[in-house]
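S.K.: Here's my sequence, what's the structure:
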Amino acid sequence: MSIKSQPTRLVGAIALAMGLSSTAFADDQATQDQAVLLSPLVVTASRSEEKIEDVPMRISVIDEKTIQQNPLLNVSDIIQRDSAVYIKQSGGLGQISDIGLRGTKSVHTLVLKDGARLNSQNDLGPLYPAFLDTTDVQQIEILKGPASVQYGSDAIGGVIQLISKKPEKSGAQLTGIYGENNTYKAIVNADLVTDQGFYAQVGGQRLESDGTRIFESQSESDKAGYDQKGYHAKAGYYQENVVDASASISENKGTNVFSNDYINNTAQRQFENRVINAKVAYNILPNLILNAHYANVQDKQNVPVFGSYYNTENNQGDLSLKWQFTPHQNILAGVTYNDANYKSNTIVNNNQSVDSTGYYLQHQFKNELFDTQVGVRLEDNERFGTHTVGQGAIRYHFLPNASVYANIGSAFRAPTLNELYTQWGGNENLSPEKSTSYEIGADYDITPNISTNLSVYHTQIKNLIAYSSPAGNINIDKAKFTGGEAGVKWHQDDLFLSAEYAYVKTENEKNDKEIVYRPKQTLTLSTGLENATYGISASLIARAKSYADSNNLNRVPGYATVDLNAYWNLNPNVKIFTNIQNVGDVQYREVLNTYPSTDWYVNGGRFASVGITLKY
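M.R.: Below you'll find the predicted structure:
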């Protein structure tokens, strides 16, 4: 560790800040309380802003308040609080991780940031979510089920979208955190908002940690360090019902230490990811909006111990027109172009690229009783020709406080350049994976304080790409996923309680075996007391056992962990907080390793931290 936080400095900062004025605190509390009562707005399901209760699909939201509870958490840590999400992680803090949504593989989950595709042509799916910082993220939307009509390839299991912050008032913010294993993180942000509609934001963050052990056979002192740093900037202009334009950049880079000999933690993976977004929405007429979007996403990884590098880049453009032709109906028509590039010394010719153009059409109808969404997409891929997918969904509000919905859709995933051209089993003759999904669900607010939801779904995927020796990558597998989710939320004044249960049965139809690392059952629970001044809460994640190999011989044990969070807003300018992840220090097995001998990747155990945020 090159820098170590000193608790005395935190105490000094608190003492200094407590002298600041608190006259505006009551107004801030009223504003925050009012915001909690508002229905969340989401954009992922239809590419347009709408109330979450009007979406005829299952979508959940992780809000800014939850994200800010523990600024040490990365995307992996946060999204697994949704019971439908499973994170397969090879070790503790800073180790690589994969996303599984509703039992599907990581390559079947599309991850976006403000509409920019974070999935790369390296066949690991999205950028490693453990390397994605949340400092500039305001909201995370998790859309469950197919979304290829809206977004093209990869959205078979669903979409996870990171929505970046948009400044609401001028000010600055500084956060300092210190945690176990010599972990520290510093965050700084500054916002500028003018009365003329212009706004700007800039910020940065730095994290360093000694990390934890990776393998079960290692001692607690065999730690694998992790460090990362990044920045973000955003500028825009907004005039209601006229124009909404913005440009942003975020970058994160660092080093995670891992074991290449499965004994010592001395190898390094150097990573760097960058997202550039430019967007404009212009009201040509009051009922006609033109949307334009350009994004550039780069993911670079260098692994010196293997003598390998993996550099991917997506250049994406989207142009669409939304026409509200009646008070209750709109049509969205658009075209998306994506040019994907992959440079690596592990693929044929070291440099490959593919481009794809998608044409989509979507119709929505909304009134007090019905919300419908019907769409179709034609994707023209340079290497795989044209593919057509469709989707239809309807929600019926049969009572003011109750509704049911049904959703059917098809989706696809084009093989990645790595699957086509890797030197270890690449196959240029691969076909795209295809899926069909069916889902029904219901939402019922029993009282103003108690809400419930239920979903049941079935997904079939054919042409699954798998590695088979000695043939390499081939279209061999078929799989099906059947499951459901149920949830209940209760709140009374400052008290709250929420519980979610997810069940999924996965089956490889080739051998009738369960798909590896897919727990059948997951339970998440959150409860606490929170208001604008102080709060304390606890959350639980419990997962059933799963299989660690395709022959279903070795099992990953089930586990349950509890996290604690507490905060105190001393005044409008000072917040102190503490978090204890895995308060019971449960060290559980995560991933099975069989070379050179059988061993298990394990989690990092308990992780306690304290922090302070100063606002001006």
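S.K.: Where do the strands of the stretch 151-300 of the chain begin and end?
M.R.: Taking DSSP state E, counting those that start in this stretch, the strands of the stretch 151-300 of the chain run over residues 158-164, 171-179, 183-193, 198-212, 224-239, 243-258, 267-285, 288-303.
S.K.: got the angle for the first one vs strand 198-212?
M.R.: Using axes from the mean of the first three to the mean of the last three C-alpha atoms, to 10 degrees, the direction of strand 158-164 lies 120 degrees away from that of strand 198-212.
S.K.: Run through this protein and note the low-pLDDT ranges.
M.R.: 1-38, 124-126 (pLDDT under 70).
S.K.: what's the single longest strand in it?
M.R.: For the chain, the longest strand by residue count, based on DSSP state E, is strand 472-492.
S.K.: list the helices and strands that one packs on?
M.R.: strand 450-468, strand 495-508 (3 or more C-beta pairs under 8 Å, 6 or more residues apart in numbering; DSSP states H and E). Quick note: C-beta positions are derived from backbone N, CA and C, even for glycine.
S.K.: partners of that strand in the sheet?
M.R.: strand 450-468 (antiparallel), strand 495-508 (antiparallel) (DSSP bridges).
S.K.: Send me that strand as PDB with only the CA atoms.
M.R.: Extracted as PDB, the C-alpha positions of strand 472-492 are listed here (Å, rounded to 0.1, in the frame of the first residue of the first chain):
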ATOM      1  CA  GLY A 472     -13.100 -26.800 -30.400                       C
ATOM      2  CA  ASN A 473     -16.000 -24.400 -30.300                       C
ATOM      3  CA  ILE A 474     -19.200 -25.900 -31.800                       C
ATOM      4  CA  ASN A 475     -22.900 -25.400 -31.800                       C
ATOM      5  CA  ILE A 476     -23.800 -28.400 -29.800                       C
ATOM      6  CA  ASP A 477     -26.000 -27.700 -26.800                       C
ATOM      7  CA  LYS A 478     -29.600 -26.900 -26.200                       C
ATOM      8  CA  ALA A 479     -30.800 -25.600 -22.900                       C
ATOM      9  CA  LYS A 480     -33.900 -24.500 -21.100                       C
ATOM     10  CA  PHE A 481     -34.500 -22.400 -18.100                       C
ATOM     11  CA  THR A 482     -37.700 -22.500 -16.000                       C
ATOM     12  CA  GLY A 483     -38.200 -20.400 -13.000                       C
ATOM     13  CA  GLY A 484     -39.900 -17.600 -11.200                       C
ATOM     14  CA  GLU A 485     -39.500 -14.700  -8.700                       C
ATOM     15  CA  ALA A 486     -41.600 -13.500  -5.900                       C
ATOM     16  CA  GLY A 487     -41.200 -10.400  -3.700                       C
ATOM     17  CA  VAL A 488     -42.800  -8.400  -1.000                       C
ATOM     18  CA  LYS A 489     -42.100  -4.900   0.300                       C
ATOM     19  CA  TRP A 490     -43.300  -3.200   3.400                       C
ATOM     20  CA  HIS A 491     -42.700   0.300   4.800                       C
ATOM     21  CA  GLN A 492     -44.100   2.200   7.700                       C
END
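S.K.: Return the set of buried residues in that strand.
M.R.: Neighbour counts over strand 472-492 (16 or more other C-beta atoms under 10 Å) mark 472-475, 477, 479-491 as buried.
S.K.: most packed of the strands of the stretch 151-300 of the chain?
M.R.: Most buried of those, by mean neighbour count (mean count of other C-beta atoms under 10 Å): strand 158-164, with a mean of 24.
S.K.: That strand pairs with which strands, parallel or anti?
M.R.: With DSSP bridges as the test, strand 158-164 is paired with strand 109-113 (parallel), strand 137-144 (antiparallel).
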